[in-house]
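*Asks:* just the structure for this:
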Amino acid sequence: MSDYLEKAKEAAEAAGGLLRANFGRPLNVDANEAHDIKLELDRRSQALIESLLLEKFPDHAIYGEEGMRGDPGAEFQWVIDPIDGTVNYFFGVPHFAISIALRQAGKIIVGVIYDPMRDEMWAVEQEGVPMLNGQPIAVSSRTELGEGIVSVGVAKSLDSIDRGLPLFDRMARSAKKCRMMGSAALDIAYVACGRLDAYIESQISLWDVASGLLLVERAGGKVVLEPHETEAEKFSIVASSGAMDLGL
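*Replies:* Prediction:
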């Protein structure tokens, strides 16, 4: 295990401890938006992750949901989502994760996703074997959509909702089951370990999925990540096992 992966796992576990300790307690809300919530705890979780990573790698930069630090042109850049699934967390739904990725010259070389409520840690590094709690994982081998489980995500904008709901309707009619679970990081981690056959979303931020991109690819799956047509710094994504025709 490289120093990069080891430190990413350590930072994810530390942030996970912070989130577990505050789960179900009164929380300070920074912003309560139409389809989203921003918590003071988001900022605290990212600050904890940043401090641990930059203590070890002071020349690296941070690109996170709760702000940027360091030189944007740095060769090494950590991509962080300190609470992926903040709305779930706020309402006491124990389905959220910490996502930490490292990219070198734009290429992701380390990915970690940690679910602190289930104590599940997905971890991978470039050319390495993807792991869940130390055990190798692989994508699903199911080939028929009618036997598969697909997660469809929608973001905070009306455009994303308008795009996502017809797709959800189509998948609900075609797949064994269709889900909308509220954490992109866990959706893509679930694809990597075969719990889901595909995760689809039309508008997502890089920090939501960065760590899962490498996980899915190293687990034998396929990821199509494309820049959004109109929203800067947003992407559409289809992460799948690659074994079935999704009809997209």
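
*Asks:* so which residues of the chain form helices?
*Replies:* Per DSSP state H, the chain carries helices over the ranges 3-22, 40-56, 86-90, 158-174, 184-192, 206-218.

*Asks:* how about the contacts made by residue 146?
*Replies:* With contact set as Cβ atoms under 8 Å, 6 or more residues apart in numbering, residue 146 has these partners: 174-176. All C-beta spots, glycine's among them, are computed from the backbone N, C-alpha and C.

*Asks:* still on that earlier bit, got a markdown table for the helices of the chain, with mean pLDDT and distance to residue 112 too?
*Replies:* Listed next are the helices of the chain as a markdown table, based on pLDDT from 0 to 100; distance: least, Cβ to Cβ, whole Å:
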| stretch | mean pLDDT | distance to residue 112 |
| --- | --- | --- |
| helix 3-22 | 97 | 4 |
| helix 40-56 | 95 | 10 |
| helix 86-90 | 94 | 18 |
| helix 158-174 | 86 | 26 |
| helix 184-192 | 98 | 10 |
| helix 206-218 | 96 | 6 |
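
*Asks:* right, so the ones you listed: which one is the most enclosed?
*Replies:* Among the helices of the chain, helix 184-192 has the highest mean neighbour count (mean count of other Cβ atoms under 10 Å), at a mean of 30.

*Asks:* could you dump the contacts of residue 146 into JSON lines and include distance to residue 209?
*Replies:* Putting those into JSON lines (distance: Cβ to Cβ, whole Å) gives the following:
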{"residue": "174", "distance to residue 209": "23"}
{"residue": "175", "distance to residue 209": "21"}
{"residue": "176", "distance to residue 209": "24"}
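
*Asks:* ok so, going back, between the helices of the chain, which one is nearest to residue 130?
*Replies:* Comparing the helices of the chain against residue 130 with Cβ to Cβ, the closest turns out to be helix 206-218 (4.5 Å).

*Asks:* tell me the contacts of residue 42?
*Replies:* Residues near residue 42 by Cβ under 8 Å, 6+ apart: 30, 65-66, 82-83, 86.

*Asks:* next up, the contacts around the most centrally placed residue in the chain.
*Replies:* The C-alpha lying nearest the average C-alpha coordinate of the chain belongs to residue 185 (Cα atoms, centre = their mean; 2.1 Å). Shown in contact with residue 185 (Cβ under 8 Å, 6+ apart): 81, 84-85, 97-99, 113, 208-209, 211-212.

*Asks:* report how many residues lie close to the nearest residue to residue 136 once chain neighbours are set aside.
*Replies:* With sequence-adjacent residues excluded and distances taken as Cβ to Cβ, 6 or more residues apart in numbering, residue 136 is closest to residue 129, at 5.1 Å. Per other Cβ atoms under 10 Å, the neighbour tally for residue 129 reads 13.
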